[in-house]
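Engineer: dropping the sequence and predicted coords here.
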Amino acid sequence: MRSVRQSEFRKKVKEASGPELDTLLKQEQENLYKMRLQIALKQLDNPHAIGDAKKNVARIKNELRGRELKAGKES
């Protein structure tokens, strides 16, 4: 299920605007939820994809928090 390489995903996260990051976060969280359901039903082909999805969610949250701290420092 890895449609975008991790380095490309990181670049996409860095370049995204705030609303785009929120949308991306929702998509990744939904994707993770669906994969967890599939693994419970023994339908997921690649169980390692769950780890990738968790890391993607963490990357997005990390970027959002970094921007929040940067905005607070500038004020």
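Structural biologist: Thanks, I have the structure now.
Engineer: need the CA coordinates for the worst-scoring helix or strand of the chain on mean pLDDT. PDB is fine.
Structural biologist: Here the helix or strand of the chain ranked lowest by mean pLDDT, DSSP states H and E is helix 6-15, holding a mean of 89. In PDB, the C-alpha atoms belonging to helix 6-15 read as follows (Å, rounded to 0.1, in the frame of the first residue of the first chain):
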ATOM      1  CA  GLN A   6       8.900   7.800   2.500                       C
ATOM      2  CA  SER A   7      11.300  10.500   1.300                       C
ATOM      3  CA  GLU A   8       8.700  11.900  -1.000                       C
ATOM      4  CA  PHE A   9       6.200  11.800   1.800                       C
ATOM      5  CA  ARG A  10       8.500  13.800   4.100                       C
ATOM      6  CA  LYS A  11       9.000  16.400   1.400                       C
ATOM      7  CA  LYS A  12       5.200  16.600   0.800                       C
ATOM      8  CA  VAL A  13       4.700  17.200   4.500                       C
ATOM      9  CA  LYS A  14       7.300  19.900   4.700                       C
ATOM     10  CA  GLU A  15       5.800  21.800   1.700                       C
END
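Engineer: which residues are contacting the helix or strand just after it?
Structural biologist: For helix 6-15, the following helix or strand on the C-terminal side (DSSP states H and E) is helix 18-40. Residues from elsewhere that reach helix 18-40, judged by CB atoms under 8 Å, 6 or more residues apart in numbering: 1, 12-13, 16, 44, 47, 49-50, 53-54, 56-57, 60-61, 63-64, 67. Heads up, the C-betas are built off the backbone N, CA and C, glycines and all.
Engineer: angle of whichever helix or strand comes after helix 18-40 against helix 18-40?
Structural biologist: Note on helix 18-40: by DSSP H and E, the next helix or strand toward the C-terminus is helix 49-74. In terms of direction (axes from the mean of the first three to the mean of the last three CA atoms, to 10 degrees), helix 49-74 departs from helix 18-40 by 160 degrees.
Engineer: with that, I have no additional questions.
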